[in-house]
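Undergrad: let's see this in three dimensions:
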Amino acid sequence: MIRRLVSSLALIWVLGFLWFAILLPRPAGTVKTDGVVALTGSGGRIERGIAVIEHHLAPRLLVSGVDREVRPREFAAEYRIDDGLLRCCITLGYESVDTRSNAREAARWIARHKMHSVRLVTSDWHMRRAAFDLAQVAPAGVIVIEDAVPTQPSFYALFLEYHKLIARVIQRTWGD
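TA: Numbers count the residues shown, from 1 in each chain. You can find the predicted model right below:
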């Protein structure tokens, strides 16, 4: 009986990991939203968020998780952003330090701007957990469009992120 249970759990874990690793989320394309949230971290995320507003797919961008030392002028120079675009349309979020606090910061920004839809930009391997965390705290009825930045994650990165996602789901289900 115990062997069957352990074997079943092991099979579920393996199949879940295969699903997680092989079917990574993809870019969202040209769907329009009320805003875009780009999470800092691995490369391509901020650039993708900026491209979304430059292509008029969303009017506002929150860059969540910006280091407290980074000033708007430095950010604009780093990403070659026009001062007018930075002032009108880009919010630098300094409040978050991890995925859960990214979600809380984004939820407050979404509520403040009364958004009905938002595009979430992060790495493909990070998307599921980031979207899960945002869904837990976003204002009711907000549609979250997942816009994954394609990467080539290592086995270790996938393994670690899969377990972080499992831990978050378990924590939300039986704890939080």
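Undergrad: point out where the protein drops to low pLDDT.
TA: 176 (pLDDT under 70).
Undergrad: how about the strands in it?
TA: Using DSSP state E, the strands of the chain run over 35-39, 61-64, 90-93, 117-123, 143-149.
Undergrad: what's the closest of those strands to residue 18?
TA: Closest to residue 18 of these is strand 143-149 (CB to CB; 18.1 Å). Quick note: C-beta positions are derived from backbone N, CA and C, even for glycine.
Undergrad: quick revisit: distance to residue 159 added to the strands of the chain, as a markdown table?
TA: What follows is the strands of the chain, written out as a markdown table (distance: least, CB to CB, whole Å):
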| stretch | distance to residue 159 |
| --- | --- |
| strand 35-39 | 21 |
| strand 61-64 | 25 |
| strand 90-93 | 29 |
| strand 117-123 | 15 |
| strand 143-149 | 18 |
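Undergrad: which of these is buried the deepest?
TA: Across the strands of the chain, averaging neighbours per residue (mean count of other CB atoms under 10 Å) puts strand 35-39 on top, at a mean of 29.
Undergrad: same for that strand, what does it pack against?
TA: The helices and strands touching strand 35-39, judged by 3 or more CB pairs under 8 Å, 6 or more residues apart in numbering; DSSP states H and E, are helix 45-54, strand 61-64, helix 99-112, strand 117-123.
Undergrad: how far off centre is the first one?
TA: Meaning helix 45-54. 13 Å (CA atoms, centre = their mean, to the nearest Å).
Undergrad: packing partners for that helix?
TA: Helix 45-54 sits against strand 35-39, strand 61-64, helix 72-79, helix 83-89, strand 117-123, strand 143-149, with contacts defined as 3+ CB pairs under 8 Å, 6+ apart.
Undergrad: TSV for those, including distance to residue 137?
TA: What follows is the helices and strands packed on helix 45-54, written out as TSV (distance: least, CB to CB, whole Å):
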stretch	distance to residue 137
strand 35-39	12
strand 61-64	12
helix 72-79	25
helix 83-89	23
strand 117-123	12
strand 143-149	11
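Undergrad: now for these, which one comes closest to residue 15?
TA: strand 143-149 (21.4 Å).
Undergrad: just checking: what are the partner strands of that closest one?
TA: Looking at strand 143-149 with DSSP bridges, its partner strands are strand 117-123 (parallel).
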